[in-house]
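In: quick one: sequence and predicted model below, then my questions.
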Amino acid sequence: MNILIEEVKSKSQRKKFINFPYHLYKDNKFWVPPIKSGELELLMPEKNPAFDFCKAKFWLAYHNGKVVGRIGAIVNNLSIEKQGEKIGRITRIELIDQYEVSESLFKVAEDWLKTEGMIGVSGPLGFSNLDHAGLLIEGHEWLPSMASDYHFNYYQKHFERLNYTKEIDWLEFRINLPKETPEKAGRIAELIKKRYSLQTVNFSTKKELEPYKEKIFKVFNDAFSDLFGTFKLPEKLIRFYISKYFPILNPNYVKIILDKNDKLVGFIIALPSLSKALQKAKGKLFPFGWWHLRKALKYPTEMDLMLTGIDHDCQKLGFVSILMHELLKTSNADGLRFAETTGMLENNHVAIQLWKSFDHIQHKRKRCYRKMF
C-alpha cells in the first residue's frame, strides 16, 4: 500500500480527523461515539487550555485518497516535569488493519517527538487523565462507558509489532448492585461519620451543587496527583473541565463529605449511563441527540462510576464506604441494578479492593504502552 501522511492543520482536516472513527466503527455495535463538537474543541489550541503547557500535532493517513488512519502526539510539559523524564505521548490512534498504515502513522509521530527532544513515547494517553487513555485489550464484547474508549482487537498486535511494550494496565469492573442497601454497610458508614465528625451532602439541583465545583477539583488534584499519568491540573484547565462536564451531571448522583470545619474531604461522581443514548445521538447534539441524552439522565437504567476522590490525609479512613452507601441509596431508589467503573490502575489496590465486597466481574482491561527511542 502507498500511504500518504498529512499533518492536520486546517478546519477541514480537523473534521476529517474527528469523523474517521465514525466511518471505521459504523458497523460495530459496541463503539460509543463521542459528541463531535466536544472532540473538535479538544484539538484546538484556542479552545483547549491544555495547549498552555502542551505541544501537540495530529496526522491523517490516506490510501487512494481515502482516510485509513489517524494519530496524534503530545509533549506534556507538566507531566514531564512531574516524572523527570522526557517521555512524549501518542494519542487518538485509529486505523484499519494494515501494517503499512500503522508503520507510517507511528513513524511520523515518533519522529516529531524525537525532534522535540523526547527519549521515548508512552500511550495511548491524552492531554490529561480526564482525556482519552489506554488501549482496550480485553472486553471487546462489552459496551464501554462514556468515559472509556473502544478499540478493535487488532490494535494490540500493531502496537506490539512496532516494539511497544506494556507500561501499565487499567482495569474496569461491572457491579451487580444489591436490591436493598446493606444494613451492615449503613452501620459502618454511620460509625465512621461519627468518629471523624463528618457530614454527607446530597444534591437535587445543579444550583445546590454550584458552590462545590471548584472544591471537588481541589480534592481531585490532591487525590490523584501520585497516580500514573496524572499531574496537578492548572486552574484554567479545571474551569474548562467544569464547563465541559458539569452541565451533563445528574446532581442526584453526586455525593460529597464535609469534615467538622465544613471542608470538602471526599466526593463521588456517578452518572446515569449515557452509552446507548450516545449511540443514538451519533455524535451530534442536534437535532435529536440532546433528547436521547436528556432521557438517559432523567430515566436511568444503570450508572457509570466516573470519579471518586478522597483528601490525601484521609484515604485510609473508610470514607469511600460512606460515599458508596449514599450512592447506593440513590441508585436503589431509581431501581438501578448495574454499575460500570471507569479504569482503575492495576496497582491501585485500595480502589480495587472496594469492589471485592460487591458481586462483580472484572470485564475490561486497557493498556498503556511504552517505547524508548
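Out: On my side now, so go ahead.
In: show me the domain layout of the protein.
Out: 4-170, 178-336 (automatic domain parsing).
In: ok, and for stretch 264-281, which residues are buried?
Out: By 16 or more other C-beta atoms under 10 Å, the buried positions in stretch 264-281 come out as 264-275, 277-279, 281. All C-beta spots, glycine's among them, are computed from the backbone N, C-alpha and C.
In: next, residue 175: phi, psi?
Out: phi -110, psi 130 (degrees, to the nearest 10).
In: correct me if wrong: residue 48 contacts residue 41.
Out: Yes - using C-beta atoms under 8 Å, residue 48 is in contact with residue 41, at 6.4 Å.
In: neighbour-wise, which of the two wins?
Out: Taking other C-beta atoms under 10 Å, residue 48 and residue 41 do not tie; residue 48 has more neighbours (18 against 14).
In: now that one: how far from residue 297?
Out: Distance of residue 48 to residue 297, computed by C-beta to C-beta, to the nearest Å: 25 Å.
In: likewise for residue 289?
Out: 13 Å.
In: what of residue 309?
Out: 22 Å.
In: if you count what's nearby, which of those two comes out ahead?
Out: Per other C-beta under 10 Å, whichever of residue 309 and residue 297 has more neighbours is residue 309, with 25 against 18.
In: just list the residues touching the more buried one, thanks.
Out: 216, 219-220, 222-224, 266-267 (C-beta atoms under 8 Å, 6 or more residues apart in numbering).
In: could you give the bridge partners of it?
Out: With DSSP bridges as the criterion, residue 309 is bridged to residue 267.
In: what separates residue 297 from residue 271, distance-wise?
Out: 8 Å.
In: that should have said residue 336, apologies.
Out: Taking C-beta to C-beta, one finds residue 336 at 12 Å from residue 271.
In: what sits in contact with each of the two?
Out: residue 303.
In: lowest-confidence helix or strand of this structure?
Out: helix 349-354 (a mean of 80; mean pLDDT, DSSP states H and E).
In: contacts for that helix?
Out: Under C-beta under 8 Å, 6+ apart, the answer for helix 349-354 is 171, 308, 315-316, 320-321, 324, 344-346.
In: what segments of the stretch 101-250 of the chain are strands?
Out: 120-123, 135-138, 165-176, 199-202 (DSSP state E, counting those that start in this stretch).
In: quick one, which of those is nearest to residue 27?
Out: Residue 27 lies closest to strand 135-138 among these, at 17.4 Å (C-beta to C-beta).
In: tell me what that closest one is packed against?
Out: On a contact count with 3 or more C-beta pairs under 8 Å, 6 or more residues apart in numbering; DSSP states H and E, strand 135-138 meets helix 155-161, strand 359-372.
In: touching both of residue 297 and residue 271, which residues are there?
Out: 248, 250.
In: nearest the geometric middle of the chain, what residue?
Out: Taking C-alpha atoms, centre = their mean, the centroid of the chain lies closest to residue 147, which sits 4.1 Å from it.
In: thought it was touching residue 303?
Out: No - between residue 147 and residue 303 there is no contact under C-beta under 8 Å: 11.9 Å.
In: surely residue 164 touches residue 367?
Out: No - when contacts are counted by C-beta under 8 Å, residue 164 is not listed as touching residue 367 (9.3 Å).
In: CA atoms of the helix ranked longest in the chain as PDB?
Out: Assignment by DSSP state H gives helix 99-115 as the longest helix of the chain. Written as PDB, here are the backbone C-alpha positions of helix 99-115 (Å, rounded to 0.1, in the frame of the first residue of the first chain):
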ATOM      1  CA  TYR A  99       0.700  -2.800   8.900                       C
ATOM      2  CA  GLU A 100       1.700  -0.200   6.300                       C
ATOM      3  CA  VAL A 101      -0.800   2.200   7.900                       C
ATOM      4  CA  SER A 102       0.400   1.700  11.500                       C
ATOM      5  CA  GLU A 103       4.100   1.900  10.500                       C
ATOM      6  CA  SER A 104       3.600   5.200   8.700                       C
ATOM      7  CA  LEU A 105       1.500   6.700  11.500                       C
ATOM      8  CA  PHE A 106       3.700   5.700  14.300                       C
ATOM      9  CA  LYS A 107       6.800   6.800  12.500                       C
ATOM     10  CA  VAL A 108       5.600  10.300  11.800                       C
ATOM     11  CA  ALA A 109       4.500  10.700  15.500                       C
ATOM     12  CA  GLU A 110       7.700   9.200  16.900                       C
ATOM     13  CA  ASP A 111       9.900  11.300  14.500                       C
ATOM     14  CA  TRP A 112       8.200  14.500  15.700                       C
ATOM     15  CA  LEU A 113       8.600  13.600  19.300                       C
ATOM     16  CA  LYS A 114      12.300  13.000  18.700                       C
ATOM     17  CA  THR A 115      12.700  16.500  17.200                       C
END
